[in-house]
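Undergrad: with the sequence up front, the predicted model follows.
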Amino acid sequence: MDFNRKIAIITGAGHGIGAALAREFAARGARVAVADLNETAAKSVAQEIGGIAFRCDATLEGDIQALVALVEAELGPVDIFFSNAGICLGEPDHAASAPNSTWQACWDVHVMAHVYATRAVLPGMIGRGDGYLVQMASAAGVLNQIGDAAYSTTKHAAVGFSEALSITHGDQGIKVSVACPQYVATSMLGYDEPTQASSVPSVLNPTVLAQRVADAMEVETFMILPHPDVADYMIFKASHYKKWLGAMRKLRAKIIMKLGRTKLAEMHKLI
Ligand SMILES: NC(=O)c1ccc[n+]([C@@H]2O[C@H](COP(=O)([O-])OP(=O)(O)OC[C@H]3O[C@@H](n4cnc5c(N)ncnc54)[C@H](O)[C@@H]3O)[C@@H](O)[C@H]2O)c1
């Protein structure tokens, strides 16, 4: 898919990965609608790239419907819906210890937001015989995130939804991708937005991440793995599930021994 002159919506695009994607898509010629809970942040990114900004809570179906209607009225039919917004809240203790509110919030933003986005744009895309739906999952959606069962479980569900979309609509001109990055230097990992770099080699700069995602979308890759090692880990997991679980337990024990807890902003530096 060529980005030139395409109309793209990106949720959670006020900061971090979403903002980097907005810049990258615009640089490749797309008209970008920058949607975020934080309207000020969305406006700032939109101004920078010549796009348009919207305040939108991706977990509210009414907000998504209104977003799509406004974008279509201002720019025209949506070619690309990149459902990127996400949260990572951690867990206080054992794997089921996060409160119901955390599990529900993760389900809403990592699964239902993708469902709402699809409902809003898919019928038009099928009618035109063309469209691109992208879900931001995570390496946690194909492997796991130590210390965050709600995040890992709902990101797995996001991958399942992406597969269902491709199986059901891939022959109707609908392109589907699911992005599964490992660590990226954003505020989710405790990185300062303006710095956006890490001394940890496996942590990608969001700009580099966005370039890799856009390159993969140009050739319509279904499973986008911006960190190439993730493919090897997936093969190891599928071939030696028990050994993989043992290795993950060892890694968790190392993190607990060194840090005393599994806080994402600290522990990603040990992985
Ligand atoms: N940073 C990483 O290491 C990493 C790795 C893999 C996947 N991801 C995924 O990438 C996506 C973006 O993460 P990030 O690191 O840029 O996070 P971030 O916290 O830096 O930015 C997230 C943005 O989403 C917005 N947002 C949150 N909830 C929203 C909602 N309900 N509706 C609209 N906007 C909302 C926030 O206001 C913020 O601007 C998430 O889905 C995350 O799970 C991140």
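TA: All right, it came through fine. Numbers count the residues shown, from 1 in each chain.

Undergrad: okay, CA-based contacts and neighbour counts for the rest of this
TA: Fine.

Undergrad: count the residues that sit near residue 202.
TA: 16 (other C-alpha atoms under 10 Å).

Undergrad: next one: residue 97
TA: 15.

Undergrad: and the closest residue to it other than its chain neighbours, which of the three is it?
TA: Using C-alpha to C-alpha, 6 or more residues apart in numbering and skipping the chain neighbours, the partner closest in space to residue 97 is residue 91 (6.2 Å). With DSSP: H, G, I helix; E, B strand; the rest coil as the basis, residue 91 sits in coil.

Undergrad: from residue 271, how far out is residue 91?
TA: Counting by C-alpha to C-alpha, to the nearest Å, the gap from residue 91 to residue 271 is 19 Å.

Undergrad: the two: who's more crowded?
TA: residue 91 (20 against 12).

Undergrad: and that one, what does it touch?
TA: By C-alpha atoms under 8 Å, 6 or more residues apart in numbering, the contact set of residue 91 is 97-98, 147-149.

Undergrad: highest neighbour count among those residues?
TA: Highest count within these by other C-alpha under 10 Å belongs to residue 148, 24 neighbours.

Undergrad: residue 30 is in contact with residue 5, isn't it?
TA: Yes. Using C-alpha atoms under 8 Å, residue 30 is in contact with residue 5, at 4.9 Å.

Undergrad: can you list the residues of the protein near the ligand?
TA: 11-18, 36-38, 56-59, 84-87, 109, 136-138, 181-189 (C-alpha under 6 Å from any ligand atom).

Undergrad: now the buried members of those residues.
TA: Neighbour counting over the residues of the chain next to the ligand (16 or more other C-alpha atoms under 10 Å) leaves 11-18, 36-38, 56-59, 84-86, 109, 136-138, 181-186, 188-189 as the buried ones.

Undergrad: any low-confidence regions in the protein?
TA: Residue ranges of the chain with pLDDT under 70: 194-196.

Undergrad: again, 50 this time
TA: The chain contains no residues with pLDDT under 50.

Undergrad: find the centremost residue of it, please.
TA: Centroid-nearest residue in the chain, with C-alpha atoms, centre = their mean: residue 136, separated by 2.2 Å.

Undergrad: got phi/psi on that one?
TA: phi -90, psi 110 (degrees, to the nearest 10).

Undergrad: ok, it touching residue 109?
TA: No. Residue 136 lies out of contact with residue 109 (C-alpha under 8 Å); the separation is 10.5 Å.

Undergrad: what's near enough to touch residue 17?
TA: Residue 17 makes contact with 184, 186, 206-207, 209-210, according to C-alpha under 8 Å, 6+ apart.
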